[in-house]
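Peer 1: Curious how this folds, go ahead:
(2 chains)
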Amino acid sequence: MKKTYKIEVDCANCANLMEDAARKTAGVQAATVNFMTQKMIVEFGEGQEPQAVMQNVLKACKKVEPDCEIFL
Amino acid sequence: MQEIVIDILLAAVIVTAAVFRFIIGARPDGGMTRKQKVMLTRILISSAILLVLQLIPAALFARLDEALFPTAGRWLRFALYLADYFIIGYDILRKAVKGILNRQVFDENFLMAVATVGAMALAIYENGDYLEAIAVMLFYQIGEWFQSYAVGKSRRNISDLMDIRPDYANVERDGALEQVDPDEVEIGTVIVVQPGEKVPIDGVIVEGSSSLNTSALTGESLPREADTGDEIISGCINMTGLLKIRTTKEFGESTVSKILDLVENASSRKSRSEDFISKFAKVYTPAVCYSALALAVLPPLVRMLAMGLAAEWGTWVYRALTFLVISCPCALVISIPLSFFAGIGGASQEGVLVKGSNYLEILSQTKTVVFDKTGTLTQGVFEVNGIHHSGMDDAKLIEYAALAESASSHPISKSLQRAYGKTPDRTRVSDIREISGRGVIAAVDGVEVAAGNDKLMEQLHIDYIPCHQAGTVIHMAVGGAYAGHILISDIVKPNAQKAVSALKSAGVEQTVMLTGDGKKVAEQVAGELHIDTVYSELLPADKVAKVEELLQQKSGKAKLAFVGDGINDAPVLSRADIGIAMGAMGSDAAIEAADVVLMDDDPMKIVKAIKISRKCLGIVYQNIVMALGVKAACLILGAVGIANMYLAIFADVGVMVLAVLNAIRCLFVKNL
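Peer 2: So this is what the prediction gives:
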């Protein structure tokens, strides 16, 4: 399953870091951060609950870029 | 001297920041986020304090020493500068600490924190120049602020340009017009579009006629006429008359939604240059940090141990710190996706939809363009293209032909009817005999008219003149005598030849045409258009095989583009390095299958697409070279001690500003 989330991030390098962090989160199959449209597209693994996974993604992203925001 | 320059700069910063903060920032359309306003206020306060501190003469502090205790002035001065340093830099320090705790050590916050804390420490040690650490932090923050403002602003501008999303649909309820969310309109609802409004959903016109402005979709400024019964696609602007439209699709399935979806997601598909930069940034920052450490430690050790000189720790630590300041990779990381984004945005305004940054990159490397003939280079409709050797009036001959063929529904007969222009009066025709595979013989106004191919003429023992042009030839015999022939062929698009030669001058090395048509027709069209290679009489599967063959022939980095009308060549579109579909107005199949979609069927758009991609990639490379070049130069100058920290920070901010401005140029593609 694929879902798109609105995000807020200031710098492009930080967006790359967020992308990396999201990809490494358990339950995420693929993630792309689009800095230009300020969107994060996350593809979840089989049988994963997006809500729960996204909480962890948010945590992981906050770790690499404290200023970022994901609107769940 | 340097002090004065810095003071003037500070004054300039204060004025500019105040203008931005209180005039532009106060406007609702100023495009400043809350975070940016806060940052701007901090920049304003800290540069004001810094300027005041600079202007207080050192003697004042010296007098404090006498009044209180010996080091009082020194400490007060330090405390004031330190306070200012925290005002401007506390978030950077906090982020750097957080980064270390989270094992994300090497980012630009860390670099800036180490560099400025180091400079502060050196200043305390020497009771000297606190200005440097604060100024570096200040200018770094100004750079960051500008970057976030400029990028945010251009991001929004580009998005606005691309935004063809209709806000509402008018539905008539109980005699009154009601504005509803396009999403809520069901298929089959009749919607009303007033002059000046956007058509929100695809449909068929049930009442009214108007001219439509399709420039948001195709980049074409000529209005298109639409009448009752015509299909109409969303995204056009109704210019003159009131239209009532029965919707045939849901909003989500309508052309306008599909296009928006496509363009918005385009920049998510990353190009190789973008991948290169993000990989590069990952290696680059740690590499610079370790080099800085080496620069701080090794030369003094070598001087001390091997050469027996004074270590000069201060100098080398300072150089290492300068080195760190230069190293922020942001100019690079920001300008490249911005260039692609602007390029894709600019292209979409011209009616060229590129599905991803990666395709823009491939397009720029295209050396071979393979065309499908029908619908791409030719219009795909058969038309009377010439009348030769006719003894009578052309119109008269066409009239005879149209009447003789009036009972047939063959495409050839249809094109004759079209050329005739009137509905044939069947009562004038009698005694129609169709001779399969040859033609037709009929009596028109009592005169025997034979219309057909060579074989029919031979059968009737009439001498005919063979046609030297390619196409379908219809010989005419009226009253038993030869009356010339009518040539029917698929006509070449008006811009096709111009497009092929423009492609050549744009750097495409080979043009190839594939067609299912006969050899003679194919070669004539190719000759007329100056196409290099022609493969004719191909079945759809053969086209895939031919493209694969061409893919193998081409060398290394050169890419092959296939241009088709997207209707029955989806397999070829996906097999080529890049598939370009033409005339996609309303054709979902084409939008799905292709990597680049041209909204109208003008072949010149192919050239435009390639030129846009070249310009965009050119700018990307300029930015890479400029950013890396300036950084490398500054790193070397910093290492040998020529560049100081000011130069470093100006190089960093300056390159970033230039790169962002350069990236914006990608948007201007109208005159390519």
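Peer 1: Residue numbers of chain A in contact with chain B?
Peer 2: Listed as neighbours of chain B in chain A under the rule CB under 8 Å from any CB of the partner chain: A:10-13, A:16-17, A:32, A:34-39, A:41, A:63-64, A:66-67. C-beta coordinates here come from the backbone N, C-alpha and C atoms, glycine included.
Peer 1: so of those residues, which ones are in strands?
Peer 2: The strands in this structure, assigned by DSSP state E, contain A:32, A:34, A:39, A:41 from the residues of chain A next to chain B.
Peer 1: From those residues, list the buried ones, please.
Peer 2: When burial is judged by neighbour count using 16 or more other CB atoms under 10 Å in any protein chain shown, the buried members of those are A:32, A:34, A:39, A:41.
Peer 1: I figured the last one was touching residue A:3, is that so?
Peer 2: Yes: at 7.5 Å, residue A:41 counts as touching residue A:3 under the criterion of CB atoms under 8 Å.
Peer 1: which of the ones in strands among the residues of chain A next to chain B sit farthest apart?
Peer 2: In those, the most distant members under the criterion CB to CB are A:32 and A:39, with 8.5 Å between them.
Peer 1: where do the contact lists of the two overlap?
Peer 2: Any residue near both residue A:32 and residue A:39 by CB atoms under 8 Å, 6 or more residues apart in numbering or on different chains counts here, and that gives residue B:268.
Peer 1: rewinding a little: what sits in contact with each of residue A:41 and residue A:3?
Peer 2: Shared between the contact lists of residue A:41 and residue A:3 (criterion: CB under 8 Å, 6+ apart) there are no residues.
Peer 1: contacting residues around the closest residue to chain A within the stretch 351-500 of chain B?
Peer 2: In the stretch 351-500 of chain B, the residue found nearest to chain A is residue B:357; the distance is 9.6 Å by CB to the nearest CB. Residues in contact with residue B:357 (CB under 8 Å, 6+ apart) are B:266-267, B:269-271, B:274, B:337, B:340-341, B:344.
Peer 1: Do a quick rundown of the helices in the stretch 201-350 of chain B.
Peer 2: Read by DSSP state H, counting those that start in this stretch, the stretch 201-350 of chain B holds these helices, from start to end of the chain: B:215-218, B:255-266, B:272-305, B:313-326, B:330-349.
Peer 1: mean confidence score for the last one?
Peer 2: For helix B:330-349, the mean pLDDT works out to 81.
Peer 1: swap in the third one?
Peer 2: Summarised as a single mean, pLDDT over helix B:272-305 is 82.
Peer 1: Equivalent analysis for the fourth one, please.
Peer 2: Here the mean pLDDT over helix B:313-326 is 80, rounded to a whole number.
Peer 1: residues in contact with it?
Peer 2: Surrounding helix B:313-326, the residues in contact under the criterion CB under 8 Å, 6+ apart are B:111-112, B:114-115, B:118-119, B:122, B:125-126, B:136, B:140, B:288-289, B:291-293, B:295-297, B:299-300, B:631, B:634-635, B:638-641, B:643-645, B:648-649, B:651-652.
Peer 1: now do 6 Å
Peer 2: Outside of helix B:313-326, the residues that reach it under the criterion CB atoms under 6 Å, 6 or more residues apart in numbering or on different chains are B:111, B:114-115, B:118-119, B:292, B:295-296, B:299-300, B:631, B:634-635, B:638, B:641, B:645, B:648-649.
Peer 1: ok, of the residues you listed, which come out buried?
Peer 2: By the neighbour-count criterion of 16+ other CB under 10 Å, the contacts of helix B:313-326 include these buried positions: B:111, B:114-115, B:118-119, B:292, B:295-296, B:299-300, B:631, B:634-635, B:638, B:645, B:648-649.
Peer 1: From those residues, which land in helices?
Peer 2: Within these, residues falling in helices by DSSP state H are B:111, B:114-115, B:118-119, B:292, B:295-296, B:299-300, B:631, B:634-635, B:638, B:645, B:648-649.
Peer 1: Now cross-check the residues you listed against chain A and list the overlap.
Peer 2: If you filter these for contact with chain A, counting by CB under 6 Å from any CB of the partner chain, you are left with nothing.
Peer 1: returning to that earlier point: need the worst-confidence member of the buried ones among the ones in strands among the residues of chain A next to chain B.
Peer 2: residue A:34 (80).
Peer 1: Could you list the low-pLDDT ranges of the stretch 151-300 of chain B?
Peer 2: For the stretch 151-300 of chain B, applying pLDDT under 70 flags the ranges B:161-163, B:219-221, B:267.
Peer 1: Contact residues of it facing chain A?
Peer 2: Residues of the stretch 151-300 of chain B lying close to chain A (CB under 6 Å from any CB) are B:155, B:264, B:267-268, B:278, B:281.
Peer 1: nearest to residue B:394, of those?
Peer 2: Distance to residue B:394, by CB to CB, is smallest for residue B:264 among these, at 53.3 Å.
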